[in-house]
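In: No sequence on hand, only this structure:
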């Protein structure tokens, strides 16, 4: 069950309307790595976790926080759209600056949502649950989470560079910090799992299922020898089972007997 | 430029047709973590890499290999569909086993592709480039790759359990091994990058952009204290900059001055 | 902000696993009118509401409840999938009943989610934010909500008929009741708004914008006169401004002067 | 069967080309509530109606009209694109006004459709049949229709505000009127059905299927008591069966016996 | 404008219900090459045609016919679903044949549409306007049309093989004939255009825009010389401008001077 | 298997950055008829071809070339984005030209891909495998290919007109030529197949399956007689089996006996 608290997790107001930046902010709301993605991803991972209550709690807590981030960003977008000049007026029509703003806005903000946030990305593509990762395997999913928080933080940092509004920057500085925390947290959880299970996910695959002669070979699928420059060729692989090997030719096909 | 070599990377033939399993195999061809996803992901990452030729080669080599995996699986699907009983016949209509197969097949295999593979997943949803991750940040993207190879290997392992056909199992054993190798490879590359850049992606964010008081706090967004069970609370965080902290209350909002 | 309470809104357990019904239940989780749709719809409506705090609260409260319904149904799906016979085994292979179950399952439950719920509908199409309605106009949106709760209750009723499991039926009986309540609630709110604004949404359109000669005409776009059978032809229209009129011919085009 | 009449339902020509407004008009052609949506929605509802010929005719007549609206808007978009400055020319390149128009156009109009309408919305997302509602239940579907005509009229009104072109305004004034009529018509039809069936859709659910103790309760899913402000708490609910009730706590879970 | 005629273009009734075949028929209604695709494709092509009234009429006439085909197939699907055993009943639960039918149906037919047709394909993916081709160039588009009628007829023929119901077969025999006619018609129109414009679309590209040294070269992008087996190598190309040429090596890159 | 050659098929560099044109170029990379579409289409057609090795080679060779085209265009997009002014700066904020560029860019290039190409079209919609055609019937598929190369060349020609950059123009001139070649090639292959199979696809439909009385009739689905203007009415149809016929009335329904 979820309870709504009538307060934003972090309060920030833009100094002035900026419908063009509102459009860009949609990316971290409804894009591939927006807050809707992590919120839904953590929810489904949490609900699908069986018999590991400690992690189930952590995942759902983080998911609840992320719904609050969706709320923060949606609120910010509505504030950036407030008083946006969407109506055609004599004056406006002749003011190239206003004209430019009207052209660069997301038309959905003017026509569909009434100057509110949309559940879509910065180019107007609706959010899709095809972005969600919830496999039932904690190590695999924590890697998905680490990736999501890395991509998300990267996008927040890029948006930070694209605005001068101190209120918007302050909200983004908070999101940067939470993305740092969530990277820290999944890194810690991954380390814990890898120490028990090993680094190759899933750990449950019986050795005899795998054609292990191909498990440590870097195969060259191009002309030249550039791939050999990898510093780790010839060294022990992270799984601790084999040594990284280089296959000069890509002709390693094997005919099976069926 | 890409050159086609008229040979599969790994040869395997099914012992007998199995259109129901052909439908399931579509998942690792055209699903969220199917081979089309990794092939396209590595391509776009490689083409977008600037000034890091060593990794650009590695990424594109791996991408070229993955197109070959799409080919292997597409070929296997066509073989599993060969001679599938798609026509209604007097005899078939009365044979519940044949009837069942016709019902459980992907109708696209019978109606659309003429018993060939489709660029779609196990339920018939077309592959979408919305699955691809290519951000221009190598650490973030290698984490996406590690996740993709983890999810992919998990799905291959599950499919391995769902068939008894030795030819199909042999192909899957090869894919398990390559997914192991690719996990090993991205783990090694991630380690190399983290040693230089640190573990929080992206590393380029100036400290003053981030509200660092929130960068190491586990915030409890639920009733009860279960989250405190995490072994790493109170310990140094993976970023080496702070200590994991627990915020008892979720009321940590801060009003900004704008 | 949202807080997770570690309890389902309503507890119900299935009597026994039923992966085929789990697939069907996905419709009211991740379909066009599943709980993800109403949860997200209410959230975005609430966040985008300006200056009508009473309704904003009602909308967000209902939205918070619906996330809890997503949780209930996701949990039920995981329970129905528990111990589903996804592995190919000697015995199973020969048992047509097991074979049938394996064929009729959603392959995603076996291959992708590890026997957990997926954010998708009963045929495996991922949930899309293209389903969400949040226009910034309360009357229009409450009609969207009334429709959503009507479609949702209809689907729950149809699923009720399709199962004999008393635990599943009990959960569905609860959802039927909440959908009744939500229809009641939006009907009451719509009545309140219509008494103030009138029944034509949006109420803010100046009369001179509208070609009102076409605002009460039923135009016959087919052969024959069947449309004239409507009991309300010749009576006052719900907007209280005109009388329903019948245009015998569909040739009512008007040339404008530009 | 459908017959094409070589005449627009309503004639209107723009005073001058306006490719930027052409992009915006795409919303009411190919958006979630564009004319393609209502046209297809009415078609499928009509074809799926069984044993209620009077309404079947009404629905299909309205559907046929809406295909004509798609035609009107598509024609208007093509006219607004006529002579749009899509070619790069010495002069144009230096004229910021022309440059702006080229930037703000939908690139599809220049590259894909050859200055014609596209079956997509104002941001270029292709129309999806996932927008269509056709459930086989007339009351539920008429509510969907009332909503669609409300959302549609809202968008037309917003577009009316965004242009100064008298020809475009005239076409929009006609669409406003038809959306008024269609709201009137579905309101009348809904009233007729509700008088017979009652207001809770679907009416066919046997009382014993429903956990009626939850059918009239407003449950507070947030902190504070704002929800109690609803004027209708304590009054008879629209279904005429119960009284709106307020549940102070959201802790109303019930354990079932399975 | 479009007028509905209350009659199917071709009458056919199934001998008995067959919900599993109803699911398959959805492909030619709402699939990539279903009737919705050609109906919408012809509409948009017709509306976007400028200054070629003769072809505009032909295209829109064919489009109007195709909406009638959507109607025919939707009606047939509803008839095949009539009295489908969607309810769980004691007897049914024990009858494996009924069980099988319930499993193989499209769940949408039972849960969403109330035993009516859906605007989606045979696996339940909603129809997308991303399938539509309308470029403003008649030769290019007539080739798209010829392809669509070829793919469509192929799918109808495959469905014909998959049923024994004489009523369904009769409807399919009509669709086969109309697809033959439409192939004939587009072939005739293409021939007419090619005689005027030449065979390379679009004909309007000035010769100096094209790097014509690459316009007739078959380039070998694989190992071996199999491509040389083409009978037309060394002969005049269809454009009548050059001779088909074979590039032994795929190394034909050219450095430009920028 | 596929091998990467570390060289572009054709080298071209833009004279200067142009992020707005980079956005437009995305259409021929990830649009409906972009290079991703033809690359994947030829791959799936090639893999699904059975028993026609000559054409299988040709199809796969062309597919391999097209992956190289994806690479060329992706590289060009990255070059056009190089040094794009995505950061907000004091100076930039006041320079309307820079402001305009920032507004007209695809926000994904700035926020998501780090100034690299995206697997999406010119409005930011991700590429979808729903564009791919691979039916198992060579004649039908070669028509799909001819259409794809016609649409693709049309879009390249339109883009050519929209830029003045000589480097970009040079790349487009190469693509124009290859699209000419591929049209030539599919035309030659189609002619070869039609001479053997006849012009109606698929050729395998037994005559008795088809209601041949409808196979040569142009039916008038509109008012007036414009359709009769077709020059080919009364002449032999391309299939050589019948004569094009004109049905004055659209009332040609036939009742079947079931």
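Out: Nice, thanks for sending it over. Computed from a prediction, not measured in an experiment: that's the story for all the values here.
In: Would you check that my belief about residue A:158 contacting residue F:113 is correct?
Out: No: if you go by CB atoms under 8 Å, residue A:158 and residue F:113 don't touch, sitting 10.2 Å apart. Backbone N, C-alpha and C define where each C-beta goes, glycine included.
In: what stretches of the stretch 101-250 of chain A score poorly on pLDDT?
Out: When the per-residue scores of the stretch 101-250 of chain A are filtered using pLDDT under 70, the ranges that remain are A:101-102, A:248-250.
In: Which residue does it have closest to chain F?
Out: Scanning the stretch 101-250 of chain A for proximity to chain F using CB to the nearest CB identifies residue A:123 as nearest, at 3.0 Å.
In: Without its sequence neighbours, what residue ends up closest to that residue?
Out: In space, residue A:123 comes closest to residue F:124 once its chain neighbours are excluded; the distance is 3.0 Å by CB to CB, 6 or more residues apart in numbering or on different chains.
In: Tell me who's in contact with residue A:49.
Out: When contacts are counted by CB atoms under 8 Å, 6 or more residues apart in numbering or on different chains, residue A:49 touches A:55-56, A:59, A:136, A:138.
In: So which of these is the closest to chain D?
Out: The shortest gap between chain D and any of these belongs to residue A:56, at 18.5 Å (CB to the nearest CB).
In: So for the nearest residue to the closest one once chain neighbours are set aside, what's the pLDDT?
Out: Closest residue to residue A:56 in three dimensions, ignoring its sequence neighbours and counting by CB to CB, 6+ apart: residue A:49, at 4.2 Å. Looking at residue A:49, its pLDDT reads 94.
In: swap in the one 10 residues further on?
Out: At residue A:59, the model reports a pLDDT of 97.
In: what angle do the helix or strand in which it is found and helix C:53-81 make?
Out: Under the criterion DSSP states H and E, the helix or strand holding residue A:59 is helix A:53-81. Taking axes from the mean of the first three to the mean of the last three CA atoms, to 10 degrees, one finds helix A:53-81 and helix C:53-81 inclined to each other by 150 degrees.
In: Which elements pack onto helix A:53-81?
Out: Counting by 3 or more CB pairs under 8 Å, 6 or more residues apart in numbering or on different chains; DSSP states H and E, the packing neighbours recorded for helix A:53-81 are helix A:19-30, helix A:35-48, helix A:166-197, strand B:217-219, strand C:2-4, helix C:35-48.
In: where does it sit relative to the chain's centre, distance-wise?
Out: A distance of 13 Å separates the C-alpha centroid of helix A:53-81 from that of its chain, computed with CA atoms, centre = their mean, to the nearest Å.
In: So for it, what gets flagged as buried?
Out: Neighbour counts over helix A:53-81 (16 or more other CB atoms under 10 Å in any protein chain shown) mark A:55-81 as buried.
In: that older thread, a markdown table please, covering the helices and strands packed on helix A:53-81 and showing mean neighbour count and distance to residue E:243.
Out: Listed next are these as a markdown table, based on neighbours: other CB atoms under 10 Å in any protein chain shown; distance: least, CB to CB, whole Å:
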| stretch | mean neighbour count | distance to residue E:243 |
| --- | --- | --- |
| helix A:19-30 | 26 | 51 |
| helix A:35-48 | 25 | 54 |
| helix A:166-197 | 21 | 61 |
| strand B:217-219 | 21 | 73 |
| strand C:2-4 | 25 | 70 |
| helix C:35-48 | 26 | 60 |
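In: Pipe the ones you listed into a markdown table and attach distance to residue C:25 per row.
Out: Shown next, in a markdown table, are the helices and strands packed on helix A:53-81 (distance: least, CB to CB, whole Å):
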| stretch | distance to residue C:25 |
| --- | --- |
| helix A:19-30 | 26 |
| helix A:35-48 | 13 |
| helix A:166-197 | 30 |
| strand B:217-219 | 33 |
| strand C:2-4 | 22 |
| helix C:35-48 | 11 |
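In: export those to CSV and tack on distance to chain D?
Out: Formatted as CSV, the entries for the helices and strands packed on helix A:53-81 read as follows, by distance: least, CB to the nearest CB, whole Å:
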stretch, distance to chain D
helix A:19-30, 10
helix A:35-48, 16
helix A:166-197, 22
strand B:217-219, 17
strand C:2-4, 9
helix C:35-48, 10
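In: Of those, which is nearest residue A:237?
Out: Taking CB to CB, helix A:166-197 is the member of the helices and strands packed on helix A:53-81 nearest to residue A:237, at 13.8 Å.
In: relative to helix A:19-30, how tilted is the helix holding residue A:59?
Out: Relative orientation of helix A:53-81 and helix A:19-30, computed by the same axes, to 10 degrees: 170 degrees.
In: give me the number of residues near the residue nearest to residue A:197 when sequence neighbours are not counted?
Out: Excluding its sequence neighbours, the residue lying closest to residue A:197 (CB to CB, 6+ apart) is residue A:203, at 3.8 Å. The number of residues packed around residue A:203, counting by other CB atoms under 10 Å in any protein chain shown, is 13.
In: same deal with residue A:213?
Out: When neighbours are counted by other CB under 10 Å, residue A:213 registers 13.
In: Name the nearest residue to it, ignoring sequence neighbours.
Out: In space, not counting the residues next to it along the chain, residue A:213 is nearest to residue B:177; the distance is 7.3 Å by CB to CB, 6+ apart.
In: ditto for residue A:210
Out: Spatial nearest neighbour of residue A:210, chain neighbours left out: residue B:176 (4.4 Å); criterion: CB to CB, 6+ apart.
In: quick one: that neighbour and residue A:205 touch, right?
Out: Yes: Residue B:176 sits in contact with residue A:205 when judged by CB under 8 Å, with a separation of 6.2 Å.
In: Mutual contacts of those two, please.
Out: Each of B:153, B:157, B:160 lies in contact with both residue B:176 and residue A:205 under the rule CB under 8 Å, 6+ apart.
In: ok, and of the residues you listed, which contact chain D?
Out: With CB under 8 Å from any CB of the partner chain as the criterion, no member of these is in contact with chain D.
In: For those residues, pick the one with the most neighbours.
Out: Neighbour counts for the shared contacts of residue B:176 and residue A:205, by other CB under 10 Å, peak at residue B:153, which reaches 27 neighbours.
In: you'd agree that residue is up against residue B:181?
Out: No: applying CB under 8 Å, one finds residue B:153 not in contact with residue B:181, separated by 10.3 Å.
In: Would you tell me which residues of chain A are close to chain F?
Out: Applying the criterion CB under 8 Å from any CB, the portion of chain A that neighbours chain F consists of A:20, A:23-24, A:27, A:31-32, A:96-97, A:100, A:103-104, A:121-125, A:154-155, A:158-159, A:161-164, A:221-224, A:226, A:250, A:253.
In: who's in contact with the residue nearest to residue A:235 when sequence neighbours are not counted?
Out: In space, not counting the residues next to it along the chain, residue A:235 is nearest to residue A:244; the distance is 5.8 Å by CB to CB, 6+ apart. Contacts of residue A:244 were listed using CB under 8 Å, 6+ apart, and they are A:216, A:218, A:230, A:232-237, B:184-185, B:188.
In: again, only using 6 Å
Out: Under the criterion of CB atoms under 6 Å, 6 or more residues apart in numbering or on different chains, the contact list for residue A:244 reads A:216, A:232-233, A:235, A:237.
In: got a winner among these for most neighbours?
Out: Neighbour count (other CB under 10 Å) singles out residue A:237 as the most crowded of these, with 22 neighbours.
In: Correct me if wrong: that one contacts residue B:186.
Out: No: with contact taken as CB atoms under 6 Å, residue A:237 and residue B:186 are classed as non-touching, separated by 11.3 Å.
In: Domains in chain A, by residue range?
Out: As assigned by automatic domain parsing, chain A contains the domains A:19-197, A:207-247.
In: Tell me the gap between stretch A:11-20 and the middle of its chain.
Out: Taking the mean of its C-alpha atoms, stretch A:11-20 sits 24 Å from the chain's own mean (CA atoms, centre = their mean).
In: ok, it near chain B or not?
Out: Yes: taking CB under 6 Å from any CB of the partner chain as the criterion, stretch A:11-20 and chain B are in contact, through A:11-13, A:15.
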